[in-house]
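Fold the following.
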Amino acid sequence: MWNRWSSPGRGLHAAMPAAMAFLSWAMTEARSGPPEDPAIRSPSAIVATADGKTLYLACPRSGEAVAIDAASGAVRSRIKVPGDPRGLALRPDGSRLFATCPSATSQIHEIDPATGKVLATFRGGHTSTGPVLSPDGKSLLVCDRFDGRVTIHDLATHAAVARIAVPREPISAAVTPDGKTLLVAHHLPDENAIGAEVAATVSLVDLPARRLAGALKLPPGSTLLREIRISPDGRVAAVAHNLARFQMPTTQVDRGWMNTAAVTLIDVPAKALINTVLLDEIDRGAANPWAVAWSADGKTLAVSHAGTHDVSLIDAPALLAKLRAMPTRIDASRGQDPYSASRIAADVPNDLALLVGLRTRVPLTGNGPRAIAFAGKSLFVAGYFSDSIDRIDVATGPPHSTRLAEAPRAETTAERRGERLFNDASIAFQGWQSCASCHSDDGRIDGLAWDLLNDGLGNPKNTRSLLWSHRTPPAMSMGVRDTAETAVRSGMTHILFAAPSEDSAVALDAFLKSLAPIPPPRVRPPDSVGRGAALFRDPAVGCDRCHAGDLRTDQKAHDVGTSGAYDAGQLRFDTPALVELWRTAPYLHDGSSASLRDLLTTRNRGDRHGRTSHLAPEQIDALVAYLLSL
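Numbers count the residues shown, from 1 in each chain. Predicted coordinates for the structure are as follows:
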């Protein structure tokens, strides 16, 4: 889990009262000598000094930035950071470290690594993440994930000098060496789930003009984008993401039938996609690609697989040469075989053998690699669930992973074990996917509609958030599972294609039950929320007839006129809870509404889904504002 509100455990602060935790955070200092607790708690980000001698880790479960010696793995210092640090940026000269602590009102801290002092704290947006320094070192660029914007912070004044609106959930960013363009990866698609072309995008931000200059749509099924990084020469960007085959009925999982792992390469000067390359092998998945890093010479592109606990080391020049030499069409007159694999560029996103001879896949000693960084001739990999650091020497001999100095492990709770299993593809057949492959790492959504085996074939359903799923039975859009517990066990069998272990299922239940809603972004104007709440409760509108009580659901099935062409006569669908409605688009059982306004207007023919046709536009706006506040 990445957010502070729903984390099942808080490491060193788990048992501390809130006031004591705050005082502990406020007394920011670097500890010298033997550390009181040598463990590294859930490292979520890693940066290296220019000389490759020191690594800094963001450790949210202990509220620290930890400096370790890259050669020995010894902890050099621990810097207490107010909040849960999950993103880091380091000045090239090592003089300043910047840490983002995501929350509804995020904090960004400027730290002097030499003294361990927090020199300044400035306010971020909702879930500030992916901090990037401008090449001139004067600005810090941050993705405010749930505000849908990129913010430019002036480091001389610590003021936000520009806020640039971008599409849904910006989660990672990379700036070109000339400082002119910021590439922004968006975690989820920003459209309805109907059709075969649904995909997330990478935005192009013109930094001098401080405006959104365009977007690159990735191949259909691209979702759950993670890190984006630009090569040292500034010519190629790489972004890791899931490439879902949601157009297929989920009758099998092998050979990438349901989910594949991918890295998309972008020609930065041309502002165009080069191609999307699969990271899986024919009989072995590489689920949940997460972190991306380029070696200093640009010869090696590294991608971590958070679900299968390994790293791909790719010969970048050879891969780019192969992709650029690939024809765009078959020319039989030149002897091209129309039946050969990857015969044209368009086939590359479906080729499980393209990287043969170009990639070394290195297993790790740790679990859940969510952060990687090159330092000197080595790649360092942070294990989020194993509280560990692996080192891979990429310069000599066959690459292999070595764990740095061991640290005592904290006791693992059932919730923490369940979180690890939720994100672990090794419990699935051939490592093709994990629960997080469709529900992200925090149990929410992927923005796609899947044709699961739960309710027959040919009727795709929108991925539902698992938040409060155990409190609002039945489960699934058609209520085909009586409880979420039943759904968890059937999902292990029919989606992960694995033999369900009751011990594992109980842990997964514990994790899902521990999920808590996070505060919504601010709705403006604020008084619109109150007006919308009154409309929601108005009998003439009737929203709370079905969405009643604290859970905002009567837990019954209704025919509200939303049955579509693929529903085979099915008319009644489970009433969903409205918790976190602001972050679960697209809407309805089939994902056919891209927005709440669409749901209340064009997708509410006959007023069967609440009586809204008589409402004025400003009343619709108020009702939407209220729903976005839930």
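
can you give me the helices for the protein?
Applying DSSP state H to the chain gives helices spanning 18-26, 316-325, 414-422, 436-439, 484-494, 502-514, 527-537, 596-600, 617-628.

nearest to Thr251, of those helices?
Closest approach to Thr251 among the helices of the chain is made by helix 484-494 (9.6 Å; Cβ to Cβ). In short, each C-beta sits where N, CA and C put it, glycine included.

Count the neighbours of Arg611 for me.
16 (other Cβ atoms under 10 Å).

re earlier: please work out which of the helices of the chain is packed deepest.
Among those, helix 436-439 has the highest mean neighbour count (mean count of other Cβ atoms under 10 Å), at a mean of 24.

So what touches it?
224, 242, 244, 258-259, 287-288, 307, 422-423, 425, 445-446, 448, 450, 463, 465-466, 495 (Cβ atoms under 8 Å, 6 or more residues apart in numbering).

roughly how far out does that helix sit from the chain middle?
In terms of Cα atoms, centre = their mean, to the nearest Å, the centre of helix 436-439 is found 10 Å from the chain centre.

so where's the stretch 201-350 of the chain uncertain?
Flagging of the stretch 201-350 of the chain using pLDDT under 70 yields the residue ranges 331-342.

quick one: the strands in it?
201-206, 211-217, 222-223, 228-230, 236-244, 259-267, 272-278, 289-294, 300-305, 310-315 (DSSP state E, counting those that start in this stretch).

wait, what's in contact with the closest residue to Gly83 other than its chain neighbours?
Beyond its immediate neighbours in the sequence, the residue positioned closest to Gly83 (Cβ to Cβ, 6 or more residues apart in numbering) is Cys101, lying 2.9 Å away. Taking Cβ under 8 Å, 6+ apart, we find Cys101 in contact with 4, 60, 81-86, 107-109, 128.

Can you tell me which of the residues you listed lies closest to Ala120?
His109 (7.4 Å).

before we move on, back to that, now tabulate the helices of the chain in JSON lines and tack on distance to Asp206.
Output for those, formatted as JSON lines (distance: least, Cβ to Cβ, whole Å):
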{"stretch": "helix 18-26", "distance to Asp206": "37"}
{"stretch": "helix 316-325", "distance to Asp206": "26"}
{"stretch": "helix 414-422", "distance to Asp206": "39"}
{"stretch": "helix 436-439", "distance to Asp206": "34"}
{"stretch": "helix 484-494", "distance to Asp206": "44"}
{"stretch": "helix 502-514", "distance to Asp206": "42"}
{"stretch": "helix 527-537", "distance to Asp206": "32"}
{"stretch": "helix 596-600", "distance to Asp206": "29"}
{"stretch": "helix 617-628", "distance to Asp206": "29"}
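
can you count the residues close to His186?
His186 has 28 nearby residues by other Cβ under 10 Å.

just checking, it touches Thr201?
Yes: the pair His186 / Thr201 is scored as a contact, 5.4 Å apart, by Cβ atoms under 8 Å.

Identify the contacts common to those two.
Residues touching both His186 and Thr201 by Cβ under 8 Å, 6+ apart: Pro167.

Give me the below-cutoff pLDDT ranges for the stretch 1-150 of the chain.
Checking the stretch 1-150 of the chain against pLDDT under 70 turns up 1-39.

Now do the domain split for this structure, please.
1-155+367-386, 166-308+310-363, 415-514, 527-628 (automatic domain parsing).

closest to Thr402 out of the ones you listed?
Of those, nearest to Thr402 by Cβ to Cβ is domain 1-155+367-386, at 9.4 Å.

What's the separation between Pro85 and Phe122?
Using Cβ to Cβ, to the nearest Å, Pro85 is found at 14 Å from Phe122.

Looking at those two, which is more packed in?
Pro85 (31 against 18).

That one contacts Ser62, doesn't it?
No: judged on Cβ under 8 Å, Pro85 makes no contact with Ser62 at a distance of 9.5 Å.

related to what we said a few turns ago, now the contacts of Cys101 in TSV, with distance to His614?
Output for the contacts of Cys101, formatted as TSV (distance: Cβ to Cβ, whole Å):
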residue	distance to His614
Arg4	42
Pro60	48
Val81	52
Pro82	50
Gly83	47
Asp84	46
Pro85	50
Arg86	46
Gln107	45
Ile108	46
His109	51
Ser128	41
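
Neighbour-wise, which one of the residues you listed leads?
Pro85 (31 neighbours).

and that one, what is it in contact with?
44-45, 58-60, 63-65, 99-101, 109.

Between these, which sits nearest Val292?
After measuring these against Val292 - Cβ to Cβ - the closest member comes out as Ala45, at 12.8 Å.

Can you name the residues bridging to that closest one?
Note on Ala45: beta-bridge partners by DSSP bridges are Ala58.

Ala58 versus that one, what's the distance?
For Ala45, the distance to Ala58 - Cβ to Cβ - is 4 Å.

same deal with Val161?
If you go by Cβ to Cβ, the gap between Val161 and Ala58 works out to 25 Å.

more crowded one of those two?
Set Val161 next to Ala58 and count neighbours by other Cβ under 10 Å: Ala58 wins out with 26 against 12.

got a list of what that one touches?
Counted by Cβ under 8 Å, 6+ apart, Ala58 has contacts 43-46, 65, 85-88, 99, 371.

could I get those residues as CSV with distance to Thr115?
Shown next, in CSV, are these (distance: Cβ to Cβ, whole Å):
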residue, distance to Thr115
Pro43, 22
Ser44, 23
Ala45, 21
Ile46, 21
Ala65, 13
Pro85, 17
Arg86, 23
Gly87, 21
Leu88, 17
Ala99, 15
Ala371, 24
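
Please convert the domains of the chain to CSV, extending it with distance to Pro399.
Formatted as CSV, those follow (distance: least, Cβ to Cβ, whole Å):
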stretch, distance to Pro399
domain 1-155+367-386, 8
domain 166-308+310-363, 5
domain 415-514, 19
domain 527-628, 39
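
how about stretch 227-244 as CSV, C-alpha atoms only?
Taking only C-alpha atoms (Å, rounded to 0.1, in the frame of the first residue of the first chain), the coordinates of stretch 227-244 have been written out as CSV:
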residue,chain,number,x,y,z
GLU,A,227,7.8,4.9,-13.7
ILE,A,228,8.9,6.8,-16.7
ARG,A,229,12.6,7.6,-17.2
ILE,A,230,14.6,9.3,-20.0
SER,A,231,17.9,7.9,-21.3
PRO,A,232,21.0,9.9,-20.4
ASP,A,233,21.3,11.3,-24.0
GLY,A,234,17.7,12.5,-23.7
ARG,A,235,16.6,10.7,-26.9
VAL,A,236,14.5,7.8,-25.6
ALA,A,237,12.0,7.5,-22.7
ALA,A,238,10.8,4.2,-21.2
VAL,A,239,7.6,3.7,-19.2
ALA,A,240,6.7,0.5,-17.4
HIS,A,241,3.1,-0.7,-17.5
ASN,A,242,0.6,-3.5,-17.6
LEU,A,243,-0.7,-4.5,-21.1
ALA,A,244,-4.0,-6.1,-20.5
